[in-house]
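In: Have a look at this prediction, sequence included:
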There are 2 protein chains.
Amino acid sequence: MSAEWDDLKTVLAVARSGTLAAAGADLGLNYTTVARRVQRAEAALGVNLFHRLPDGYRATDIGLLVARHAALMDQQADGLFRALQGQDQTLRGRLVVTAPQLLIGPHVAPVLEQFSEQHPEVEVLLRATNDLLDLNRREADLAIRISRTPGDTLMGVRLCEQQAASFAAKSVAKRLKDYPDAPVEWIVYEQSPKVPKAAMELYPNSKVRMVFDDMAAMVGAAQAGLGVVRMPMFLGRASEGLEQVPVLPPQPYADIWVVAHRDVWPSAKVKTFREMLVPWFKSHWDCFVSS
Amino acid sequence: MSAEWDDLKTVLAVARSGTLAAAGADLGLNYTTVARRVQRAEAALGVNLFHRLPDGYRATDIGLLVARHAALMDQQADGLFRALQGQDQTLRGRLVVTAPQLLIGPHVAPVLEQFSEQHPEVEVLLRATNDLLDLNRREADLAIRISRTPGDTLMGVRLCEQQAASFAAKSVAKRLKDYPDAPVEWIVYEQSPKVPKAAMELYPNSKVRMVFDDMAAMVGAAQAGLGVVRMPMFLGRASEGLEQVPVLPPQPYADIWVVAHRDVWPSAKVKTFREMLVPWFKSHWDCFVSS
DNA sequence: ACTCATACATGCATTTTCGCATGTCGCACA
DNA sequence: TGTGCGACATGCGAAAATGCATGTATGAGT
């Protein structure tokens, strides 16, 4: 009893994704091949690994056992590729960078441009997402993150501090100034769906008008004059048609970090990109805090 | 940058064995295939993994890095196969047993026979060696060992206690009795190449005549009348033409254990074999200690 | 009831991988 | 200096793995 490692990898992919087709997409294989590899693994191990259900493959108990161990192998494989990447002292090949969507336009794109001009042989792939990609699993090499901590096992450098404040369309701002006692209508973020406490103290008749799950949409809504939004300073300042309103005084906000896995940290591409970010943010600190 | 797991496994095998041919033998592949997989891995990773030397392949620094990580994957794979084996509740298929060569004839063979009669669908493979096979790496499923401890991470049951004593050919025994003051000539084991202390106290003019590195050869030498040998009681008694001589009084010797990896311990085949050994040794305890 | 989408099974042609035979190189030994 | 051995490189036919096309089953939606 023994089995080929690639078949184990395939079993893991199927156990994770639940269907042959999805596993095949993960592995860059046709799902037919995936099915056959699963069969081979089952024959080699002499056990059934999956229940064939109408809506896909579901791992049996033993299939789960195999998948659990294969996942550990997968972690080791990731460790290997990270270590190799950490060794890589060339400025050629691919570099995967991830950053929060809204930070990219104003403050990452310029560094990207500078980097790719100076190192044209590096192919930069930018993943613009608010999801925290898994740097352990090499979903990205380097991440720019807005966070209070650099992250568990990752290495990081703080790029700058930030403040948040309240912003609104010019028309709304004027109305607030003209009628200081009128109710303040907020558009708030789903993850903290209340009027900020400090604002409530200053303007007791503030109220939530809408709850959004997306900050870009909130900027749009603020621009359209739907209400007041709490957002990081840099974002309000960079958004056309918005102005800061004194409903919420500037308050601390999560810092901006550049982070990478410790294995990958010393690689030339990561090091170079990182060292280009630092001075840029240093020279633009005034975009992020109230002057 | 990424690579197939099977190619990593191949790189590991080459790094371990140093030549394509030996790695191929390990993996059950033709060495040509091994060479090609190494090439593929190098291409996929974009680095050189081996120095091509006239007498084989030697891993580069990066090759060593890859091999180190692949070895961790290999450990996980071993863990997987052990876990599967531990789950196996059938009494079919292969069971690999290892035991010290000299214990097999008198005390393991009978149990082997009994087991294979009761469970004819189990193919027992016996590895007769004094080397400690690596049960982590599944070189054997179950081991009978003469040792003071069951072994680090292994599970074990003590089969019986043992004593050692001095044995010699009948002619030598007679001479010892007739001439109690004549020098006693010993054949000693390389691993403790001295006359046993207790014997030296009783017979101060004992001396080492020969040093052997193999216990079977020592038995033969004793039978040929070359001298006195300290050996486990069971061995002296089971060896034609030897008799116990009072030069060395019976003294404690390492116990006999049956051990297995904890993962494999609960499997039906291991459990059944183990449970057959226990009563057999229990009923033959008098072969191992002086009555 | 019918249609559509999803997911898998199966047969066949193609591509890739594999093993064997042969050739080269370096080294030890006579 | 020649000879034999061990180890690898290379070319070619055989074998295996792969992808594509087609067919079947199930469940959702109309």
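Out: Alright, I've got the coordinates. Just so it is clear, the model here is predicted, and its values are computed rather than measured. Residues are numbered from 1 along each chain as shown, chains lettered A, B, ... in the order given.
In: Now the stretch 151-291 of chain A against chain B: closest residue?
Out: Shortest the stretch 151-291 of chain A-to-chain B distance, computed as Cβ to the nearest Cβ: residue-wise this is A:Asp263, at 10.6 Å. To be clear about C-beta, it is placed using only N, CA and C from the backbone, and glycine gets the same treatment.
In: Next up, the contacts around that residue.
Out: Contacts here follow Cβ atoms under 8 Å, 6 or more residues apart in numbering or on different chains; on that basis A:Asp263 touches A:Gly79, A:Arg82, A:Ala83, A:Gln85, A:Gly86.
In: Make sure it is indeed in a helix.
Out: No - A:Asp263 sits outside any helix when classified using DSSP: H, G, I helix; E, B strand; the rest coil, being coil.
In: Now it: closest residue in space that isn't a chain neighbour?
Out: Taking Cβ to Cβ, 6 or more residues apart in numbering or on different chains, and ignoring the residues beside it in sequence, A:Asp263 has A:Arg82 as its nearest neighbour in space, at 3.7 Å.
In: next one: A:Leu91
Out: A:His119 (4.8 Å).
In: How many neighbouring residues does the one you found have?
Out: 18 (other Cβ atoms under 10 Å in any protein chain shown).
In: Tell me how far it lies from A:Leu112.
Out: A:His119 sits 11 Å away from A:Leu112, going by Cβ to Cβ, to the nearest Å.
In: All the helices of chain A, in order from the start?
Out: Secondary structure of chain A by DSSP state H: the helices cover A:5-17, A:20-27, A:31-45, A:61-87, A:101-103, A:109-118, A:170-178, A:197-202, A:215-223, A:233-238, A:268-283.
In: any idea which of these is most buried?
Out: helix A:5-17 (a mean of 23; mean count of other Cβ atoms under 10 Å in any protein chain shown).
In: Is stretch A:130-149 positioned near chain B?
Out: No - Stretch A:130-149 lies out of reach of chain B by Cβ under 8 Å from any Cβ of the partner chain, never closer than 8.7 Å.
In: Buried residues in that stretch, which are they?
Out: By 16 or more other Cβ atoms under 10 Å in any protein chain shown, the buried positions in stretch A:130-149 come out as A:Leu133, A:Leu135, A:Arg138, A:Ala140, A:Asp141, A:Leu142, A:Ala143, A:Ile144, A:Arg145, A:Ile146, A:Ser147.
In: same deal with stretch A:234-254?
Out: A:234-239, A:242, A:244-245, A:247-248, A:250, A:253.
In: go on, stretch A:203-211?
Out: Of the residues in stretch A:203-211, those buried (16+ other Cβ under 10 Å) are A:Tyr203, A:Ser206, A:Arg209.
In: among those, which are within reach of DNA strand D?
Out: Near DNA strand D, judged by Cβ under 7 Å from any atom of the strand, there are no entries from the buried residues of stretch A:203-211.
In: now, among those residues, which is nearest to DNA strand D?
Out: For DNA strand D, the nearest member of these is A:Arg209. The distance, counting by Cβ to the nearest atom of the strand, is 32.5 Å.
In: hang on, that closest one packs against A:Pro193?
Out: No - taking Cβ atoms under 8 Å as the contact criterion, A:Arg209 and A:Pro193 are not neighbours in contact, 11.6 Å apart.
In: For the closest residue to A:Leu20 other than its chain neighbours, give its distance to chain B.
Out: Spatially, and ignoring its direct neighbours in sequence, A:Leu20 is nearest to A:Tyr31 (4.0 Å; Cβ to Cβ, 6+ apart). If you measure A:Tyr31 against chain B using Cβ to the nearest Cβ, to the nearest Å, the figure is 18 Å.
In: A:Ile144 now?
Out: Counting by Cβ to the nearest Cβ - A:Ile144 and chain B are separated by 22 Å.
In: hang on, the earlier thing: give me every residue that touches the residue nearest to A:Asp263.
Out: Contact partners of A:Arg82, counting by Cβ under 8 Å, 6+ apart, are A:Arg138, A:His261, A:Asp263, A:Val264.
In: among the residues you listed, which two are most distant?
Out: A:Arg138 and A:Asp263 (9.7 Å; Cβ to Cβ).
In: what residues are up against A:Val195?
Out: Listed by Cβ under 8 Å, 6+ apart, the contact partners of A:Val195 are A:Val184, A:Trp186, A:Val188, A:Ser206, A:Lys207, A:Val208.
In: Help me confirm that A:Val108 comes into contact with A:Ala99.
Out: Yes - the pair A:Val108 and A:Ala99 qualifies as a contact (Cβ under 8 Å) at a distance of 4.9 Å.
In: So which of those two has more stuff around it?
Out: Here A:Val108 and A:Ala99 are set side by side on neighbour count (other Cβ under 10 Å), and the busier one is A:Ala99, at 26 against 21.
In: Distance of that one relative to A:Tyr253?
Out: Using Cβ to Cβ, we find A:Ala99 at a distance of 16 Å from A:Tyr253.
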